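S.K.: sequence and predicted model, in that order:
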Amino acid sequence: MRTAIVGVGFMGWIHYLAYQRSPHAELVGFCSRSEAKRSGDWTSIQGNFGPPGRQIDVSGLTVAEHWQALLEDSGVDVIDVCLPPRMHEEVVVAALDAGKHVLCEKPLALQADTARRLADRGDGRLMVAHILPFHPEFQLLVDAAGDQRWGKPIAGRFKRTIGPPDWIPDFYDATSVGGPLLDLHVHDAHLIRLLFGMPDRVDTASRQHQGVPKLHETVFHFNDSPVVVSCGGGVIDSPARPFTHGFEVSFEKATVRFEFAAYADGQTSIVPLTIMHVDGTVEMPTLGDGDPITAFAAEIDAAAESVRTGKIHPVLDASIAADAIEICQMQAG
Ligand SMILES: NC(=O)C1=CN([C@@H]2O[C@H](COP(=O)(O)OP(=O)(O)OC[C@H]3O[C@@H](n4cnc5c(N)ncnc54)[C@H](OP(=O)(O)O)[C@@H]3O)[C@@H](O)[C@H]2O)C=CC1
Ligand SMILES: O=C1CO[C@H](CO)[C@@H](O)[C@@H]1O
């Protein structure tokens, strides 16, 4: 799979690092409006996990200023969209029309109906980069719900909170990024959709900022099922803890717990993945190396396999990505 990255910001950088590790995908180009980035100086990039941006070797890469140039390049099979959400629709449609496969960062769109239109138009070539189920701790939940090794999932409590994402312009603007629900919580909305199905109704309490929820707690209701599911998070007014996420999910025969937090001084704290079985035994399996780039490399390998086989990996499915956006919209009220 020969891929070009469109948009060299936080995710463009993280995807770049993942391509360096992928045995199945080759990064052949990128576009950036910035002359410095086109010359390989990616040191200005900011984010809330992973290593800081650095100088990259651009020799051998097709480097363009505008994304249209990459759509016209027959040496590119896949357009990897790492642009702000407000630009996803235009670039996804143009790339599909140009005959390319597309891997688009979450959220696929700012509105569920737009996302559904894109999913319908995808014609087996549109994938949405929902990373969470490629992290081993979260992948375990999806795998266990699929093979029912501990019975069905019956309850889940999820959390995801960040410090101020100051590097993202218009973060709270519903027409640009969408604020914490669409930008951040959409990860959990997607996971909840995969584990429990589509909720019929939600109850959300929130503290608003610029007309969108900034801190939120939601209970999800499923008409056909007595599962108990909740999620909370958003943005706190301190850069001290740039990122945290975690969960406690109960299956019929086991409860699984995990939490990770990164602090501004470089420290991290972890509740290691813990499986509490109904017979009273406890397991703490070590899964993976804890490096977030490993998950992104797995995501990119899954995209490459989807392109190779013509069968999109279920986690990358655009209609599930559209469902996740619809869930966020239900929560926004
Ligand atoms: N899966 C995950 O864990 C994460 C996913 N994301 C998602 O990734 C996407 C990008 O977010 P992120 O990387 O944080 O954002 P950034 O703002 O860091 O990067 C976006 C890049 O898009 C390009 N861009 C911005 N505006 C324009 C424009 N008007 N025309 C052309 N290019 C433009 C810029 O690249 P350049 O300067 O090179 O032109 C910019 O650096 C979002 O959808 C976000 O939700 C973000 C973080 C984590
Ligand atoms: O997981 C994430 C970490 O925080 C970023 C900034 O809000 C999000 O965009 C991203 O999806």
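M.R.: In hand now; what should we look at? Residues are numbered from 1 along each chain as shown. Ligands and ions are numbered 1, 2, ... in the order given.

S.K.: OK, now which residue of the stretch 51-200 of the chain is nearest to ligand 2?
M.R.: Residue of the stretch 51-200 of the chain nearest ligand 2, by Cβ to the nearest ligand atom: residue 165 (4.1 Å). (Glycine included, C-beta is placed from N, CA and C.)

S.K.: next, the contact list for that residue, please.
M.R.: By Cβ atoms under 8 Å, 6 or more residues apart in numbering, the residues touching residue 165 are 48, 171, 183, 235.

S.K.: am I right that residue 302 sits in a strand?
M.R.: No. Read with DSSP: H, G, I helix; E, B strand; the rest coil, residue 302 is helix and lies in no strand.

S.K.: one step back: just put the contacts of residue 165 in CSV and tack on distance to residue 146 and secondary structure.
M.R.: Compiled in CSV, these are given as follows (distance: Cβ to Cβ, whole Å; DSSP: H, G, I helix; E, B strand; the rest coil):
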residue, distance to residue 146, secondary structure
48, 30, coil
171, 34, coil
183, 28, helix
235, 32, strand
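
S.K.: wait, which of the residues you listed is closest to residue 327?
M.R.: residue 183 (14.0 Å; Cβ to Cβ).

S.K.: dump the residue contacts of the residue nearest to that closest one when sequence neighbours are not counted.
M.R.: In space, and not counting its chain neighbours, residue 183 is closest to residue 177: 5.4 Å by Cβ to Cβ, 6 or more residues apart in numbering. Applying Cβ under 8 Å, 6+ apart to residue 177 gives the contacts 84-86, 168-171, 183.

S.K.: go with 10 Å
M.R.: Shown in contact with residue 177 (Cβ atoms under 10 Å, 6 or more residues apart in numbering): 84-86, 107, 110, 165, 168-171, 183-184, 212.

S.K.: per-residue confidence at it?
M.R.: pLDDT for residue 177: 95.

S.K.: and it, how close does it get to residue 86?
M.R.: Separation of residue 177 from residue 86 (Cβ to Cβ, to the nearest Å): 7 Å.

S.K.: need the overlap of contacts for those two.
M.R.: 110, 170.

S.K.: how about the residue nearest the centre of the chain, nearest residue that isn't a chain neighbour?
M.R.: The C-alpha lying nearest the average C-alpha coordinate of the chain belongs to residue 130 (Cα atoms, centre = their mean; 3.5 Å). Closest residue to residue 130 apart from its sequence neighbours, by Cβ to Cβ, 6+ apart: residue 190 at 4.8 Å.

S.K.: tell me which element the one you found is part of?
M.R.: Under the criterion DSSP states H and E, the helix or strand holding residue 190 is helix 186-196.

S.K.: mean confidence score for that helix?
M.R.: Helix 186-196 comes out at a mean pLDDT of 98.

S.K.: helix or strand right after it?
M.R.: Downstream of helix 186-196, the first helix or strand assigned by DSSP H and E is strand 201-209.

S.K.: and that following strand, what does it pack onto?
M.R.: helix 179-180, strand 212-221, strand 228-235, helix 318-332 (3 or more Cβ pairs under 10 Å, 6 or more residues apart in numbering; DSSP states H and E).

S.K.: tell me how many other residues surround the residue of the stretch 1-150 of the chain found nearest ligand 2.
M.R.: Closest to ligand 2 within the stretch 1-150 of the chain is residue 48: 5.1 Å, counting by Cβ to the nearest ligand atom. Neighbourhood size, residue 48 [other Cβ atoms under 10 Å]: 16.

S.K.: the one 4 residues further on too?
M.R.: Residues contacting residue 52 under the criterion other Cβ under 10 Å number 11.

S.K.: what's the lowest-pLDDT member of the contacts of residue 177?
M.R.: Within these, pLDDT is lowest for residue 169, at 85.

S.K.: what's near enough to touch it?
M.R.: By Cβ under 10 Å, 6+ apart, the contact list for residue 169 reads 84, 176-177.

S.K.: now these as TSV including distance to ligand 1 and secondary structure?
M.R.: Shown next, in TSV, are the contacts of residue 169 (distance: Cβ to the nearest ligand atom, whole Å; DSSP: H, G, I helix; E, B strand; the rest coil):
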residue	distance to ligand 1	secondary structure
84	5	coil
176	10	coil
177	7	coil
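
S.K.: surely residue 263 and residue 270 touch.
M.R.: No. If you go by Cβ atoms under 10 Å, residue 263 and residue 270 don't touch, sitting 11.8 Å apart.

S.K.: residues contacting whatever residue of the stretch 201-333 of the chain ends up closest to ligand 2?
M.R.: Closest approach between the stretch 201-333 of the chain and ligand 2, counting by Cβ to the nearest ligand atom: residue 243, at 6.0 Å. Residue 243 makes contacts with 47-49, 160-163, 165, 184, 260-263, 268, 292, as judged by Cβ under 10 Å, 6+ apart.

S.K.: try 8 Å this time
M.R.: Contact analysis of residue 243 by Cβ under 8 Å, 6+ apart lists 48-49, 161-163, 261-262.

S.K.: please apply the same query to residue 211.
M.R.: By Cβ under 8 Å, 6+ apart, residue 211 lies in contact with 172, 174.
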